[in-house]
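Asker: Pasting the sequence and the predicted model now:
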Amino acid sequence: MENDFFTYTEQLLKSESPFIAYRLPNEGLKVTTALIDKAKECDFSLFKKPISNRGFIFFPFDLKCEKGWWFTTKMSKNFYLKSEKREPKNFIDIKIVADSANQKKEYYKQFDSMMSSLSKGDVKKVILSRVVNVEENLIPRLANVFSKLATNNPKAFVYIVATPQGDIWTGASPEILLSKEESHYTTVSLAGTRRSTEKTENYWSSKERDEQMMVSSYIDKILNNHNITNYSKKGPYISEAGDINHLKTVYKFHQDDLTNLPLFIEELHPTPALCGEPKEAARKIIKETEKHNRLYYGGFLGPATNDSVNLFVNIRCMLTNKRYSSIFAGGGLTRDSSKEDEWNETLLKCKTLLSAI
């Protein structure tokens, strides 16, 4: 069945057909693929009524800058990859524009600008992201990249989305925005980053613990604003995401306790883990400081039916065209942040995609 997946996916990519392929967390190597039938522009009002048909949600970081999309799908197929990694037939040299002096200088300049806002108290936390370009046509290799991401990141949502607009996004997100199964919703607070070799609880710095606590406090506040008091909260605990560890807190509550789903998702997105705190002040600083457009990095995506919704934050992701691919990576800045540490964190996060490439 593995060869069927590669043959099918490579044919779709070659013919430039709009499609999705994804593997849900903890589902082993079961892959779902589907052709995109129709694309409808949407906003948070999409969630006012139960999803009436099968489809896929694709939302940007900022709806004021990019469109949200609801993709209805057809011709769904399931494949099961083999556990061993499939190597490409021909190895190629890939030029990675990652650590040039100019890039690091620009990142440090943006870091200083954001730290000034943090020092003045404009924000308590803000996310600084950057882009690493891989100068190679990776489209013929994306099925292989997907397979490696699925193997290396068993707890992540792994996907390829080839949109009708011509963009191709690939990623392995460890972060749930909101999921619904049976009668319960789940959301998470995910923040703090360490290499997977650093597994002890007491190794986490006060900066990382405070960063995680900000996201959890933000979710606590949203739940209370929606009068949801009967919820379970587990964490923070160490959560593995491939070669990276995070601090994670999991929230669960009954679906009947949530009466305004569109507003809840709008308030949840983007969380302080992708934007900052307070949200609007952090968003303004990001827009003024970063030189790139985040597009759908930091947005959310996932499959939905009338029975279930699985929305994941779009991190550990890249945008691919025939000339190059852009890998997005970011980290949360607080008053205690270090330039070198934050720069190295972006390198670590880029390795999720780079190791698969």
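Answerer: Sure, I can see it.

Asker: what about the helices in the stretch 51-200 of the chain?
Answerer: Here the stretch 51-200 of the chain has its helices, by DSSP state H, counting those that start in this stretch, at 101-120, 142-152.

Asker: Most tightly packed of those?
Answerer: Among these, ranked by average contacts under mean count of other C-beta atoms under 10 Å, first place goes to helix 142-152 (a mean of 22). No exception for glycine: its C-beta is placed from N, CA and C like everyone else's.

Asker: Now do that one: which elements does it pack against?
Answerer: Where contact means 3 or more C-beta pairs under 8 Å, 6 or more residues apart in numbering; DSSP states H and E, helix 142-152 is packed against helix 2-14, strand 157-162, strand 168-173, helix 339-356.

Asker: Distance from the first one to the middle of the chain?
Answerer: In this case it means helix 2-14. Relative to its chain's centre, helix 2-14 lies at 24 Å (C-alpha atoms, centre = their mean, to the nearest Å).

Asker: mind listing what's buried in it?
Answerer: 2, 5-6, 8-10, 12-13 (16 or more other C-beta atoms under 10 Å).

Asker: got it, and the longest one?
Answerer: Buried residues in helix 339-356, counted by 16+ other C-beta under 10 Å: 342-343, 345-346, 348-354, 356.

Asker: Out of the buried residues of helix 2-14, show me where the pLDDT dips lowest.
Answerer: Within the set of the buried residues of helix 2-14, pLDDT is lowest for Glu2 (58).

Asker: Show me where this structure dips below the pLDDT cut-off.
Answerer: Scanning the chain for pLDDT under 70 picks out 1-3, 83-101, 198-202.

Asker: please redo it, this time with the cut-off set to 50
Answerer: Filtered on pLDDT under 50, the chain yields the residue ranges 84, 88-92.

Asker: Including distance to Lys104, could the helices and strands packed on helix 142-152 go into CSV?
Answerer: Below are the helices and strands packed on helix 142-152 laid out as CSV (distance: least, C-beta to C-beta, whole Å):
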stretch, distance to Lys104
helix 2-14, 34
strand 157-162, 30
strand 168-173, 24
helix 339-356, 7
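
Asker: For Gly28, state which of the buried residues of helix 339-356 is nearest.
Answerer: Distance to Gly28 across these (C-beta to C-beta) is lowest for Ala356, with 17.4 Å.

Asker: Please name the residues that touch that closest one.
Answerer: Contact analysis of Ala356 by C-beta atoms under 8 Å, 6 or more residues apart in numbering lists 145, 148-149, 152, 172.

Asker: swap in Phe19?
Answerer: Listed by C-beta under 8 Å, 6+ apart, the contact partners of Phe19 are 12, 33-36, 160, 162.

Asker: start to end distance for stretch 221-234?
Answerer: Using C-alpha to C-alpha, to the nearest Å, the end-to-end distance of stretch 221-234 comes to 16 Å.

Asker: Equivalent analysis for stretch 21-38, please.
Answerer: Taking C-alpha to C-alpha, the first and last residues of stretch 21-38 lie 16 Å apart.

Asker: ok, and for it, which residues are buried?
Answerer: For stretch 21-38, burial by neighbour count (16+ other C-beta under 10 Å) applies to 21-25, 29, 31-36.

Asker: Can you give the distance of it from its chain's centre?
Answerer: What separates the centre of stretch 21-38 from the centre of its chain is 16 Å, taken as C-alpha atoms, centre = their mean.

Asker: Can you name the residues in contact with that stretch?
Answerer: With C-beta under 8 Å, 6+ apart as the test, stretch 21-38 has contacts from 5, 8-9, 12, 17-20, 54, 56, 71-83, 146, 150-151, 154-160, 162-164, 302-303, 310.

Asker: Can you select the buried ones from those in PyMOL?
Answerer: To isolate the buried members of these in PyMOL, using 16+ other C-beta under 10 Å:
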select buried, resi 5+8+9+12+18+19+20+54+56+71+72+73+79+81+146+150+151+154+156+157+158+159+160+162+163+302+303+310
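
Asker: and His184, how many neighbours does it have?
Answerer: By other C-beta atoms under 10 Å, 15 other residues sit near His184.

Asker: Can you give me every residue that contacts it?
Answerer: His184 makes contacts with 252-255, as judged by C-beta under 8 Å, 6+ apart.

Asker: now it: how far from Ile51?
Answerer: Counting by C-beta to C-beta, to the nearest Å, the separation of His184 from Ile51 is 17 Å.
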